[in-house]
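Chemist: Got a sequence here, can you model it:
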Amino acid sequence: MKKKSKLIDPKTVRPGDVFIGYKSDSFHANGWSLIRRILEENPAVVDEEELRSPLQPTRLYHDVVADMRRFNVTPKAYAHITGGGLPENLERFLGDYGADLSIPYWDNTAAQKILKHVDPQDRFNTFNMGIGWVAIVRPEDAEAALKAGPGRRHGHRHAERRPRHSCQSTGRIKTPSPCNGYATLTGQSFHHHPMSDFLKHECGVAAIRLLKPLSYFQDKYGSTLWAFNKLLILMEKQYNRGQDGAGIGCVKLNMPLGQPYLFRTRDASKDALTSIFNGQIKKLNKKVRRGLVNLKDAADIKNNFDYGGEILMGHLRYGTSGLFDEGSCHPYLRRTNWPTRTLMVLGNFNDQYAGIEPAND
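Modeler: Okay, here's the model as predicted:
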């Protein structure tokens with residue numbers, strides 16, 4: 001039994017409290033679907049020796065918690081930085097407050113090479129960015145909290161005291177809205193504007209509309225599959241174990257007459273999301289091995305990859321209608337011979353929509 005005064009209560013977080021960040025040993029257990037896809041598209045991005053660093057197991061921060069007790073520090077909150085990165089894991093208990101965070105450079109060669117293929121904002125929303133655990137403490141407890149843990153940077157050339165690389169910042173009252181996280185990394189700013197409500201047991205919906213051609217994303221991010229990868233990230237963040245199916249769709253604009261322009265894949269298996277995306281990548285890789293597609297050629301991708309279009313959409317189904325087969329997964333599609341009268345739709349409306357059979361091909 002613990003005294004009530006020793007219990008951690010995130011409701012006590014107030015402006016002026018200090019965030020202390022503790023280093024991660026690697027990517028830990030999050031973002032690996034994206035990492036695998038990057039490595040499949042860019043096999044030479046890291047060598048075998050560099051790859052050992054990201055493969056470090058997830059660190060459990062029991063040593064930090066033990067030292068906090070030893071130093072007689074009672075944090076107001078702890079956050080394990082897992083899926084969703086710093087913004088999503090911190091906003092859970094910040095309520096109406098915001099936070100300003102200064103994130104030190106992640107000194108991990110393999111991680112930095114991989115991150116070059118990820119959109120800057122997605123980096124913070126997917127990976128821990130070198131910070132695996134955060135404690136929120138009173139200002140007077142900050143010095144003691146900085147000494148917690150072994151103070152060693154594993155897997156790097158130099159062993160240094162962790163306080164030198166800790167993430168520390170002051171929380172400030174913003175406007176009464178969800179957390180607006182702010183962080184800097186090597187001179188680049190990142191602003192986080194989360195959804196107004198937390199995701200509950202509901203369907204997940206994602207949509208992407210590219211305003212520039214695929215060649216632009218190849219030149220800027222080194223991948224013609226930028227939108228496809230981003231769709232996966234958006235859907236992974238909305239996934240929960242109660243969902244029972246998934247589906248994705250794509251529209252290719254300005255395709256020549258007679259060429260297919262509308263694509264859809266649905267799956268109602270146990271791991272539908274992984275099945276869909278891995279299935280599409282396997283099909284693409286097969287064409288690459290046969291010399292039919294050049295991954296760096298935007299025209300090749302648009303003409304030969306089903307999801308190389310300008311409009312992408314994805315849906316994670318949380319079934320409430322009693323129908324759980326693939327045909328009950330979104331997107332729903334109504335085909336006609338007229339492109340302007342063809343409809344592909346998805347949303348969070350299972351109960352209302354599931355019974356409209358003519359449109360639910």
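Chemist: Tell me where the stretch 251-361 of the chain is predicted with low confidence.
Modeler: 319-324, 349-361 (pLDDT under 70).
Chemist: if you set the cut-off to 90 instead, what comes out?
Modeler: Scanning the stretch 251-361 of the chain for pLDDT under 90 picks out the ranges 257-259, 268-274, 316-330, 332-343, 345-361.
Chemist: Where do the helices of it begin and end?
Modeler: 272-289, 298-304, 350-353 (DSSP state H, counting those that start in this stretch).
Chemist: Contact partners for Pro75?
Modeler: 8, 68, 135-137, 141, 145 (Cβ atoms under 8 Å, 6 or more residues apart in numbering). In short, each C-beta sits where N, CA and C put it, glycine included.
Chemist: Equivalent analysis for Lys76, please.
Modeler: 8-10, 12-13, 17, 136-138.
Chemist: Ok, Tyr22 next?
Modeler: 61, 64, 131-135, 148-149, 162, 166.
Chemist: picking up where we left off before, can you redo the contacts of Pro75 as CSV with neighbour count, distance to Trp226 and pLDDT?
Modeler: Converted to CSV, the contacts of Pro75 look like this (neighbours: other Cβ atoms under 10 Å; distance: Cβ to Cβ, whole Å; pLDDT from 0 to 100):
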residue, neighbour count, distance to Trp226, pLDDT
Ile8, 15, 40, 83
Met68, 24, 42, 92
Ala135, 26, 36, 90
Ile136, 25, 35, 90
Val137, 23, 39, 90
Asp141, 21, 43, 91
Ala145, 25, 39, 89
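Chemist: which of these lies closest to Ile38?
Modeler: Nearest to Ile38 among the contacts of Pro75 is Ala135, at 31.3 Å by Cβ to Cβ.
Chemist: how much space between the residue nearest to the spatial centre of the chain and Leu115?
Modeler: Nearest residue to the geometric centre of the chain (Cα atoms, centre = their mean): Thr126, 3.2 Å. Note on Thr126: its distance to Leu115, by Cβ to Cβ, to the nearest Å, is 10 Å.
Chemist: Could you do Glu49 as well?
Modeler: For Glu49, the distance to Leu115 - Cβ to Cβ - is 18 Å.
Chemist: what's the answer for Gly249, then?
Modeler: 29 Å.
Chemist: more neighbours, these two?
Modeler: Higher neighbour count among Gly249 and Leu115: Gly249, with 26 against 21, using other Cβ atoms under 10 Å.
Chemist: chain center to the strand or helix carrying the more buried one: distance?
Modeler: Element membership for Gly249 (DSSP states H and E) is strand 245-251. Chain-centre distance of strand 245-251: 18 Å, with Cα atoms, centre = their mean, to the nearest Å.
Chemist: what residues does that strand touch?
Modeler: 231, 235, 261-268, 272-273, 276-277, 306-317, 319, 324, 326, 328-331, 333, 344, 346.
Chemist: which residues touch the closest residue to Asp297 other than its chain neighbours?
Modeler: Leaving out its chain neighbours, the residue that sits closest to Asp297 by Cβ to Cβ, 6 or more residues apart in numbering is Thr224, at 7.4 Å. Contacts for Thr224 (Cβ under 8 Å, 6+ apart) come out as 214-215, 217-218, 295-298, 301, 308.
Chemist: and Thr224, helix, strand or coil?
Modeler: In the three-state summary, Thr224 is assigned as coil, counting by DSSP: H, G, I helix; E, B strand; the rest coil.
Chemist: okay, it: pLDDT?
Modeler: If you check Thr224, the pLDDT there is 92.
Chemist: Check Leu234 too.
Modeler: Checking the pLDDT column for Leu234, the value is 89.
Chemist: What about the nearest residue to it once chain neighbours are set aside, how many residues nearby?
Modeler: Spatially, and ignoring its direct neighbours in sequence, Leu234 is nearest to Ala206 (3.7 Å; Cβ to Cβ, 6+ apart). Residues within reach of Ala206, counting by other Cβ under 10 Å, total 20.
Chemist: Which parts of the helix or strand hosting Ala206 count as buried, going by neighbours?
Modeler: Element membership of Ala206, judged by DSSP H and E, is strand 204-209. Within strand 204-209, the residues that qualify as buried by neighbour count (16 or more other Cβ atoms under 10 Å) are 204-206, 208.
Chemist: Pull up the per-residue confidence for Asp107.
Modeler: At Asp107, pLDDT is 85.
Chemist: that's a strand at it, yeah?
Modeler: No - counting by three-state DSSP, Asp107 falls outside a strand, being coil.
Chemist: Sketch out the strands for the stretch 51-200 of the chain, chain order is fine.
Modeler: Secondary structure of the stretch 51-200 of the chain, counting by DSSP state E, counting those that start in this stretch: strands at 77-80, 98-99, 131-137, 167-172, 182-185, 188-191.
Chemist: mean pLDDT for these: which is lowest?
Modeler: strand 182-185 (a mean of 26).
Chemist: Can I get the contacts of Pro75 in CSV including distance to Ala77?
Modeler: As requested, these are exported to CSV (distance: Cβ to Cβ, whole Å):
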residue, distance to Ala77
Ile8, 6
Met68, 12
Ala135, 7
Ile136, 4
Val137, 9
Asp141, 13
Ala145, 12
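Chemist: ok now do Arg138, which residues does it touch?
Modeler: Counting by Cβ under 8 Å, 6+ apart, Arg138 has contacts 17-18, 76.
Chemist: Relative to Ala29, which of the residues you listed is nearest.
Modeler: Lys76 (25.8 Å).
Chemist: Now do that closest one, the pLDDT please.
Modeler: Lys76 is given a pLDDT of 90.
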